[in-house]
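Asker: with the input below, show me the fold.
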Amino acid sequence: MESQFQFDWQAAINAIPFLLEGIPYTLMISFGGLLIGFALGIFFGLLSINKLWFLKWPATAYIEIFRGTPILVQVLFIFYGLPDLIGTSINPLTAGIAAIALNSGAYISEVVRGGVQSIDKGQNEAGLSLGLSRTQTFWSIIWPQAFRRMVPPLGNQAIVSIKDTSLFSVIGVGELVRQGQIYIATTFQAFEVYFMVALMYLAITFSLSLILRFIERRGLVSV
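Answerer: From the prediction side, this is the model:
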């Protein structure tokens, strides 16, 4: 049976203004969550390489729990499950940011751990031989080198987190996918609308990829 489907470009164009209303929420959730996740990643990443077991084990547990469970389950737990524990409802936007923060923080912790451990131990010995304390050696010598190596994987995590926001339509966050679902409910033109949603996600992630490539070309990172 021959398909009678024809792509309606006008319908796709008409959906753009409505879909654009979801972009601020998408960016707010992803970059707000990533900012908190970066802080969590540094904290738990450094704890995970600590020699003291009572610091290392909690960090390892956090990393494994949030890397080992789907982010969709995490946001559903935060939005629907956590209110039973704290006795008050949680705003969908807050739940989305929290899920991105906790999830990305676990992955960033591993990036931090790998970046720091990739620096030759001789760098630490050199700092100590110059009369620097271990703390001064780490933040002045080890961390700058490690951070340059972390930039590419951190950029990849940012892209993943942006795409993860598409899952949060299940809790009613008004991001791109949710806006598309609302528009489809009135126009019944799913193919055209989701096509535009995909293009908008691609535009955001591709723009971020170009920025990262520019940074790499300028020699600001090393691998």
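Asker: elements contacting the helix or strand bottoming out on mean pLDDT in the chain?
Answerer: Scoring the helices and strands of the chain by mean pLDDT, DSSP states H and E places helix 121-129 at the bottom, with a mean of 85. Applying 3 or more Cβ pairs under 8 Å, 6 or more residues apart in numbering; DSSP states H and E, one finds that helix 121-129 makes contact with helix 134-137. Every C-beta, even on glycine, is put in place using the N, C-alpha and C of the backbone.
Asker: what's the average pLDDT for the helix it packs on?
Answerer: The average pLDDT within helix 134-137 is 88.
Asker: mind listing what's buried along it?
Answerer: With burial defined by 16 or more other Cβ atoms under 10 Å, the residues of helix 134-137 counted as buried are residue 137.
Asker: equivalent analysis for stretch 175-183, please.
Answerer: 175, 176, 177, 178, 179, 180, 182, 183.
Asker: give me the residues contacting that stretch.
Answerer: Stretch 175-183 is contacted by residues 15, 18-19, 21-23, 25-26, 29, 96, 165-166, 168-169, 172, 193-194, 196-197, 200-201 when judged by Cβ atoms under 8 Å, 6 or more residues apart in numbering.
Asker: swap in stretch 94-107?
Answerer: 28-30, 32-34, 36-41, 44, 62-67, 71, 74-75, 78-79, 90, 157, 160-161, 164-165, 168, 171, 173, 175.
Asker: which among the residues you listed end up buried?
Answerer: Here, 16+ other Cβ under 10 Å leaves 28-30, 32-34, 36-38, 40-41, 44, 62-63, 66, 71, 74-75, 78-79, 90, 157, 160-161, 164-165, 168, 171, 173, 175 buried among the contacts of stretch 94-107.
Asker: what about these, which are in helices?
Answerer: 28-30, 32-34, 36-38, 40-41, 44, 62-63, 66, 71, 74-75, 157, 160-161, 164 (DSSP state H).
Asker: pLDDT weak spots in the chain?
Answerer: For the chain, the stretches flagged by pLDDT under 70 are 1-3, 219-223.
Asker: next, name the residue at the spatial heart of it.
Answerer: Nearest residue to the geometric centre of the chain (Cα atoms, centre = their mean): residue 161, 3.0 Å.
Asker: ok, it touching residue 30?
Answerer: Yes. If you go by Cβ atoms under 8 Å, residue 161 and residue 30 touch, sitting 5.0 Å apart.
Asker: for the chain, longest helix please?
Answerer: helix 190-217.
Asker: by contact count, what packs against that one?
Answerer: Packed next to helix 190-217, using 3+ Cβ pairs under 8 Å, 6+ apart, are helix 9-20, helix 23-47, helix 143-164, helix 176-187.
Asker: off-centre distance for the third one?
Answerer: On the basis of Cα atoms, centre = their mean, to the nearest Å, helix 143-164 sits 9 Å off its chain's mean C-alpha point.
Asker: buried set for it?
Answerer: For helix 143-164, by 16+ other Cβ under 10 Å, it's 143, 145-146, 148-155, 157-162, 164.
Asker: just checking, residue 112 touches residue 46?
Answerer: Yes. Judged on Cβ under 8 Å, residue 112 makes contact with residue 46 at a distance of 6.6 Å.
Asker: out of the two, which sits in the more crowded spot?
Answerer: Neighbour totals were compared for residue 112 and residue 46, and residue 112 leads with 27 against 17 (other Cβ atoms under 10 Å).
Asker: okay, angle between the helix or strand harbouring the more buried one and helix 23-47 too, please.
Answerer: Taking DSSP states H and E as the definition, one finds residue 112 inside helix 92-117. Angle of helix 92-117 versus helix 23-47, following axes from the mean of the first three to the mean of the last three Cα atoms, to 10 degrees, is 40 degrees.
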